[in-house]
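K.L.:
Sequence and computational prediction follow.
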Amino acid sequence: MRLFCEHRIATSASDFWEWIHSADYEERVARAIGLSEYRELERREEAGTIYRRLRVAAPLPSSIAPILSRIAQVDEVAYVEEQWRSQDAHLVRWRMTPELFAERVRVAGELRLEPAGRRHCKRILEGEISARIFAVGPLLERAAIREVVRAYGTAARVATELAKERQRSARA
């Protein structure tokens, strides 16, 4: 199932790119979304990219709980996220591997920033979520997409707040 969301951020694409993976921004987003864990496991530079591997965990969202309760006893969603951040373009390719049903669930895509005038940019997330789980796969896919879109909306609000803070401090 296709995943897509787009948000307008009140800062230039190059400015946002400078701090999109900063500890401050990532910590704020993790708190706002309600993650119980967001921890970098590995980071290395490869040819033209920065590779990161992270462990992410969150309480089980209410939209997914009824579906997962039919097939597993879990109270948390946890996964390993791999990111390949381009050093030449405003692009991050990513892949998530859930701890539960890793062999049956595929989540991957890309995040990119595009200029939208001098003082704004568009953050675009595109991807694919596939859950090959009998009887509940499509339900799980739709619920996961809703959760990702909700989380990225929250992250966009955090980015806008941080952009305003940076603009105020630059004027001071």
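P.N.:
It's in.
K.L.:
so where do the strands sit in this structure?
P.N.:
Counting by DSSP state E, the chain has strands at residues 2-9, 37-46, 49-59, 76-86, 91-98, 105-115, 121-131.
K.L.:
Could you measure from the residue lying closest to residue 38 once chain neighbours are set aside over to residue 132?
P.N.:
In space, and not counting its chain neighbours, residue 38 is closest to residue 30: 4.1 Å by Cβ to Cβ, 6 or more residues apart in numbering. For every residue, glycine as well, the C-beta is placed using N, CA and C. Separation of residue 30 from residue 132 (Cβ to Cβ, to the nearest Å) stands at 29 Å.
K.L.:
Same question for residue 33.
P.N.:
Counting by Cβ to Cβ, the gap from residue 33 to residue 132 is 27 Å.
K.L.:
of those two, who's got more company?
P.N.:
residue 33 (18 against 11; other Cβ atoms under 10 Å).
K.L.:
how deep is the nearest residue to that one once chain neighbours are set aside tucked in, by neighbour count?
P.N.:
Sequence neighbours aside, residue 151 is the residue nearest to residue 33 in space, at 4.9 Å (criterion: Cβ to Cβ, 6+ apart). Counted with other Cβ under 10 Å, residues neighbouring residue 151 total 19.
K.L.:
Please report the distance of residue 151 from residue 11.
P.N.:
20 Å.
K.L.:
Retrieve the pLDDT associated with the most centrally placed residue in the chain.
P.N.:
When Cα atoms, centre = their mean is applied to the chain, the residue found nearest the centroid is residue 152 (6.4 Å). Looking at residue 152, its pLDDT reads 95.
K.L.:
mind listing what the nearest residue to it once chain neighbours are set aside touches?
P.N.:
Nearest residue to residue 152, sequence neighbours excluded (Cβ to Cβ, 6+ apart): residue 5, at 5.1 Å. By Cβ atoms under 8 Å, 6 or more residues apart in numbering, the residues touching residue 5 are 124-125, 148-149, 152-153.
K.L.:
Export these to CSV and append columns for distance to residue 63.
P.N.:
Formatted as CSV, these follow (distance: Cβ to Cβ, whole Å):
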residue, distance to residue 63
124, 23
125, 18
148, 11
149, 11
152, 15
153, 14
